[in-house]
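In: Give me coordinates for this.
(chains A and B)
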Amino acid sequence: MAGHNYTHDHEEVEIAPPQTKAIWRTFYILGGITAFEFLIAFTLHASILKTSIFIGLTIVKAFYIVGEFMHLKHEVKSLIWAVLLPCMFVVWLLVALLIEGESIFMIR
Amino acid sequence: MAATVTTDSTEVFDKKSWMGGVEPMKVSYGKLMMWFFLLSDTFTFSALLVTYGLIRFSFPAYDPAVHGAFQFSDLYWPIPEKVYNSVPFLHGVDLPLVFVGIMTFILIFSSVTMVLAVEAGHRMDRASVEKYMLWTIIGGFAFLGCQAWEWSHFIHGTDNGRMITDVVTKEVRTIFGANLTENEYGPAAFADLFFFITGFHGTHVFSGVVLNILIFYRTATGLYARRGHYEMVEKVGLYWHFVDLVWVFVFTFFYLV
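Out: Residues are numbered from 1 along each chain as shown, chains lettered A, B, ... in the order given. From the prediction side, this is the model:
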């Protein structure tokens, strides 16, 4: 901690202009998708198609939140994969237990 | 496994290894550990949501051809839009999913103000960090307030409730709302999962708000300005976005599907 750089509490240090374009773009995309999900929820009847649209849109939303807001898209590859790869096992668990639930239903 | 390469008398560090002073993944130790903590938290939430899937699949789905017009019953899993259809101050008006939609937008918006705070931190703009952290805290409290209302409504139930015949005593009675053993909406597991999943998420939101307040306080007292960077805002920001991310999944699998 030798190279600690304590700057003084100056208020007059020049502040760069904000760069918020990408942030608001992401916000509009997330809001738009959520609004679209509502539209689907009230126009389509329950079906595999409806469920897959919801899951697809959720993954798109997750991509924007993790990629842009959490900045993962702009990190190095090894970090991206260190986070993403373990999550893929969740898909395995999900499929396995949904099949399990289906067979519990059959036995009942 | 040689982590250092020694040439003559000078030590040259291999930049890809953890020897201190280097950042192999180009993120600081704290940020990396936050990522791994969030990964472990992902597994916890996945386990809860997968459990929801398992239990839901083990119950019959509502089918108009078999069950007739929809009414609450423990014979099948309830349709979410029939359960979550109330909005504060609009008693008796059927507004499916509207309130939970408002909650979703509150959380997305507070996520946006959080990134704006992180962005302001990069520019060392202390006043903006304070402003956006405050907005994020307000968003967090607004969400928690909505959830408190949602829970209270869920627990107290509708005006009419549902008539049930007790399994043991064969006595007929009306139940209102929900607790962990019985509820008017459907099978007992439905309410149990609601309490567990939204409750666990709400706990995360609450601890997120506490962390945000701490960060706001430390920004306002100038700690990060003196330190020369606002990385703590980024780390807590990661946590806050994660809470938003979990809600996106809870929203889809609990309320929409």
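In: How about the backbone phi and psi for the closest residue to residue B:38 other than its chain neighbours?
Out: Excluding the flanking residues, the one nearest residue B:38 by Cβ to Cβ, 6 or more residues apart in numbering or on different chains is residue B:242, at 4.8 Å. Using the backbone N, CA and C atoms, a C-beta is placed for each residue, glycine as well. The phi and psi values for residue B:242, taken as degrees, to the nearest 10, are phi -60, psi -40.
In: what residues are up against residue B:242?
Out: Counting by Cβ atoms under 8 Å, 6 or more residues apart in numbering or on different chains, residue B:242 touches A:70, B:38, B:41-42.
In: same thing but at 10 Å, please
Out: By Cβ atoms under 10 Å, 6 or more residues apart in numbering or on different chains, residue B:242 lies in contact with A:65-66, A:69-70, B:34-35, B:37-39, B:41-42, B:45, B:111, B:204, B:208.
In: how close does it get to residue A:59?
Out: Plainly put, residue B:242 is 16 Å away from residue A:59 if you go by Cβ to Cβ, to the nearest Å.
In: now do residue A:49
Out: For residue A:49, the distance to residue A:59 equals 16 Å [Cβ to Cβ].
In: Can you list the helices and strands that the longest helix that chain A contains packs against?
Out: Ranked by residue count and defined by DSSP state H, the top helix of chain A is helix A:77-107. Counting contacts by 3 or more Cβ pairs under 10 Å, 6 or more residues apart in numbering or on different chains; DSSP states H and E, helix A:77-107 packs against helix B:29-57.
In: Buried residues, whichever helix or strand comes after the helix it packs on. List them.
Out: Per DSSP states H and E, the first helix or strand lying C-terminal to helix B:29-57 is helix B:64-67. Residues of helix B:64-67 include none that count as buried (16 or more other Cβ atoms under 10 Å in any protein chain shown).
In: ok and the residue in chain A nearest chain B?
Out: Nearest residue of chain A to chain B, counting by Cβ to the nearest Cβ: residue A:101, 3.0 Å away.
In: correct me, but residue B:150 touches residue B:201?
Out: No: judged on Cβ atoms under 10 Å, residue B:150 makes no contact with residue B:201 at a distance of 11.6 Å.
In: which residues touch the residue nearest to the spatial centre of chain A?
Out: Closest to where the C-alpha atoms of chain A average out (Cα atoms, centre = their mean) is residue A:62, at 1.8 Å. By Cβ under 10 Å, 6+ apart, the residues touching residue A:62 are A:87, B:245-246, B:248-249, B:252.
In: Just the C-alphas of the helix or strand it falls within, formatted as CSV.
Out: If you go by DSSP H and E, residue A:62 is part of helix A:48-64. Output in CSV follows, covering the C-alpha atoms of helix A:48-64 (Å, rounded to 0.1, in the frame of the first residue of the first chain):
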residue,chain,number,x,y,z
ILE,A,48,-45.0,-24.3,-25.5
LEU,A,49,-44.5,-21.5,-27.9
LYS,A,50,-45.5,-18.9,-25.3
THR,A,51,-43.3,-20.4,-22.7
SER,A,52,-40.3,-20.5,-25.1
ILE,A,53,-40.8,-16.9,-26.1
PHE,A,54,-40.8,-15.9,-22.4
ILE,A,55,-37.6,-17.9,-21.7
GLY,A,56,-35.9,-16.6,-24.8
LEU,A,57,-36.7,-13.0,-23.9
THR,A,58,-35.6,-13.6,-20.3
ILE,A,59,-32.2,-14.8,-21.6
VAL,A,60,-31.9,-11.7,-23.8
LYS,A,61,-32.7,-9.5,-20.7
ALA,A,62,-30.1,-11.4,-18.7
PHE,A,63,-27.6,-10.9,-21.4
TYR,A,64,-28.0,-7.1,-21.4
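In: how about residue 23, phi and psi?
Out: Let's take chain A. The phi/psi pair for residue A:23 (degrees, to the nearest 10) is phi -60, psi -50.
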